[in-house]
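1. Output the structure for:
(2 chains)
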Number of protein chains: 2
Amino acid sequence: MTSPDQPDFAKSGGLITAVTVDAATSEVLMVAFMNADAYARTLSTGLVHYWSRSRGKLWCKGETSGNVQRLVELRVDCDADAVVVRVDQTGPSCHEGFRSCFYRTVTPEGRFEVDAERLASPEEIYGTASAPDAGA
Amino acid sequence: MTSPDQPDFAKSGGLITAVTVDAATSEVLMVAFMNADAYARTLSTGLVHYWSRSRGKLWCKGETSGNVQRLVELRVDCDADAVVVRVDQTGPSCHEGFRSCFYRTVTPEGRFEVDAERLASPEEIYGTASAPDAGA
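-> Below is the predicted model:
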């Protein structure tokens, strides 16, 4: 049996970049980070895990909100320091209540403008004003 | 006139993560980084610029290969430390000659398997065995 290939965790202090996309529509939902443990657990459990830089801990997406991400496909880039995570996303992926974290367009003049629909308020998602699922 | 909004360059040492996607198909083409200068030049010229961490220099994608990326739309995420760059991509985006840098799937056993078609060899793109466009 061939041993698994490994992403290049050493390049950026133990972390690779994870770009999570909706498997059905290919919309980019969020950008976060995985350490080796988050990567291994994502593959072994089929539920997407990340490393939260701000909280310094492993994080199973949706563990607080219920808005889990079921793994459909994992893809790796040419230098193996980034992955595309194709998922079946339950509810909003963004702690702000939008389907995608990229809910704002940048105008030619450089202004950020919301052009997506908010599906839920953070309070509806978490029951408090805090947003414990945020933390990339 | 309202002044432009600014991404959070301070969070990660002057860089934001740029996820570049094909505007027509939404396929993720590559992940790279932008500093404030690369971000500003992308908006002002309509040609996508990055900061190459490995070469320590500003980089207009396609400046060597001719495989430029014309900006269609820029989107910014909730905490403004990542952008999605929707582009009209000329030729392969990957220095390995694939349309996307994510030309390998990760099997459930963790093995990397090429499942995309190579459009050109690096030699065909650059005329040498080196790949000066690589450098995220």
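2. Where does pLDDT dip in chain A?
-> Where chain A drops to pLDDT under 70, the residues are A:1-2, A:128-136.
3. need the strands for it, in chain order.
-> A:16-22, A:28-34, A:49-52, A:57-60, A:69-76, A:82-89, A:104-106, A:112-114 (DSSP state E).
4. could you dump those to CSV with mean neighbour count and distance to chain B?
-> In short, each C-beta sits where N, CA and C put it, glycine included. Listed next are those as CSV, based on neighbours: other Cβ atoms under 10 Å in any protein chain shown; distance: least, Cβ to the nearest Cβ, whole Å:
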stretch, mean neighbour count, distance to chain B
strand A:16-22, 24, 5
strand A:28-34, 25, 4
strand A:49-52, 22, 12
strand A:57-60, 16, 15
strand A:69-76, 20, 4
strand A:82-89, 24, 4
strand A:104-106, 21, 4
strand A:112-114, 13, 4
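5. Count the neighbours of the spatially closest residue to residue A:36 that is not a sequence neighbour for me.
-> Sequence neighbours aside, residue A:9 is the residue nearest to residue A:36 in space, at 5.3 Å (criterion: Cβ to Cβ, 6 or more residues apart in numbering or on different chains). Counted with other Cβ atoms under 10 Å in any protein chain shown, the neighbours of residue A:9 add up to 16.
6. quick one: residue A:9 from chain B, how far?
-> To chain B, residue A:9 is 13 Å away according to Cβ to the nearest Cβ, to the nearest Å.
7. can you check residue A:79 too?
-> Taking Cβ to the nearest Cβ as the measure, residue A:79 falls 7 Å from chain B.
8. Next up, phi/psi of that residue, please.
-> Residue A:79 adopts backbone torsions of phi -100, psi 10, taken as degrees, to the nearest 10.
9. okay but it is in contact with residue A:8, surely?
-> Yes: counting by Cβ atoms under 8 Å, residue A:8 is a contact partner of residue A:79 at 6.5 Å.
10. ok, those two, which is more surrounded?
-> Between residue A:79 and residue A:8, counted using other Cβ under 10 Å, residue A:79 has the larger neighbour count: 18 against 13.
11. Skipping adjacent residues, who's closest to residue A:67 in space?
-> residue A:91 (3.9 Å).
12. Also residue A:12?
-> Residue A:12 sits nearest to residue A:81 (Cβ to Cβ, 6+ apart), 6.4 Å away.
13. cool, and residue A:38?
-> Distances taken as Cβ to Cβ, 6+ apart place residue A:49 nearest to residue A:38, at 4.1 Å, with adjacent residues excluded.
14. who touches the residue nearest to residue A:67 in this structure?
-> If a contact means Cβ atoms under 8 Å, 6 or more residues apart in numbering or on different chains, then residue A:91 has A:65, A:66, A:67, A:119, A:120, A:125 as its contacts.
15. The second one and chain B: what is the separation?
-> Using Cβ to the nearest Cβ, residue A:66 is found at 19 Å from chain B.
16. now residue A:99
-> Taking Cβ to the nearest Cβ, one finds residue A:99 at 12 Å from chain B.
17. cool, residue A:41 as well?
-> The spacing between residue A:41 and chain B, counted by Cβ to the nearest Cβ, is 12 Å.
18. nearest residue to that residue other than its sequence neighbours?
-> residue A:49 (4.4 Å).
19. hang on, isn't that neighbour packed against residue A:58?
-> Yes: using Cβ under 8 Å, residue A:49 makes contact with residue A:58 at a distance of 6.1 Å.
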